[in-house]
Each structure stands twice: as C-alpha cells, then as structure tokens.
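K.L.:
got a predicted structure here, sequence first:
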Amino acid sequence: MPIYQIEIRTKRLRMSLHCWALKGGAKMSPKTIGEHLKKRRLDLGWGQQQVAEATSYTRPSVSSWERGVNRPTKKAMIPIITFLGYDPRVEKR
C-alpha cells in the first residue's frame, strides 16, 4: 500500500482578531483585568517581562492574565492595582 505525504498550507491572518490586542494601548477599552494590564503596559511601552518584575510575578503569569487564560489571584491583585494605579474591579459611577 503506498504512503502519501500530504502538506497543507494556509495563509496566516495579518490582523489580530481582537482590536484591543493591537499596539495602541490608548485606543483600548479594557473590560477584564488582563486587558487593563495590557493597556497600561502598552501605554508605558513596556514588555511583559517588565510588568512581571514590577509585580513580582513571572512573565508567563502576566501573559496568561492578558490573554484571559487565567485570572490573577486575590494575592496578586495588590501588586497589579499598584502597577495600574487604580482598581479595575471598581465600577466607575
């Protein structure tokens, strides 16, 4: 029986599926804590490693928070609020 090698090619999307994922932090309308982190980080021109060092957490943690894979623990919220300069959980009235 012959064995065939199949190669499937597809084009990558050049544009992000999320408008907030673009590098334009000031244009974002963050809704989650991760989006607030990403907006602040982009506004400062920082990388995720710099945010990780500022919050005393790891770069993979910051990445997972920004992507919405995981949410920060209550303990992690203290340095996050310090980094942001406000509490994103409090609704503006």
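P.N.:
Happy to help now that I have it. Residues are numbered from 1 along each chain as shown.

K.L.:
now do the helices in this protein.
P.N.:
Assigned by DSSP state H, the chain shows helices spanning 33-44, 48-55, 59-67, 74-84.

K.L.:
where does the protein have low pLDDT?
P.N.:
1, 12-28, 91-93 (pLDDT under 70).

K.L.:
any idea which residue is closest to the centre of it?
P.N.:
E66 (2.1 Å; CA atoms, centre = their mean).

K.L.:
how about it, what does it touch?
P.N.:
G34, E35, L37, K38, R41, Q48 (CB atoms under 8 Å, 6 or more residues apart in numbering). Any C-beta I mention is one placed from the backbone N, CA and C, and that applies to glycine too.

K.L.:
and those residues, which is closest to P2?
P.N.:
Q48 (48.1 Å; CB to CB).

K.L.:
can you tell me how far the closest one is from E7?
P.N.:
From Q48 across to E7, the span is 34 Å (CB to CB, to the nearest Å).

K.L.:
of the helices of the chain, which is nearest K11?
P.N.:
The closest of these to K11 is helix 59-67. By CB to CB, the value is 22.9 Å.

K.L.:
between the closest one and helix 74-84, how many degrees?
P.N.:
Relative orientation of helix 59-67 versus helix 74-84 (axes from the mean of the first three to the mean of the last three CA atoms, to 10 degrees): 80 degrees.

K.L.:
buried sites along helix 59-67?
P.N.:
Going by neighbour count (16 or more other CB atoms under 10 Å), the buried part of helix 59-67 is S61, V62, S63, W65, E66.
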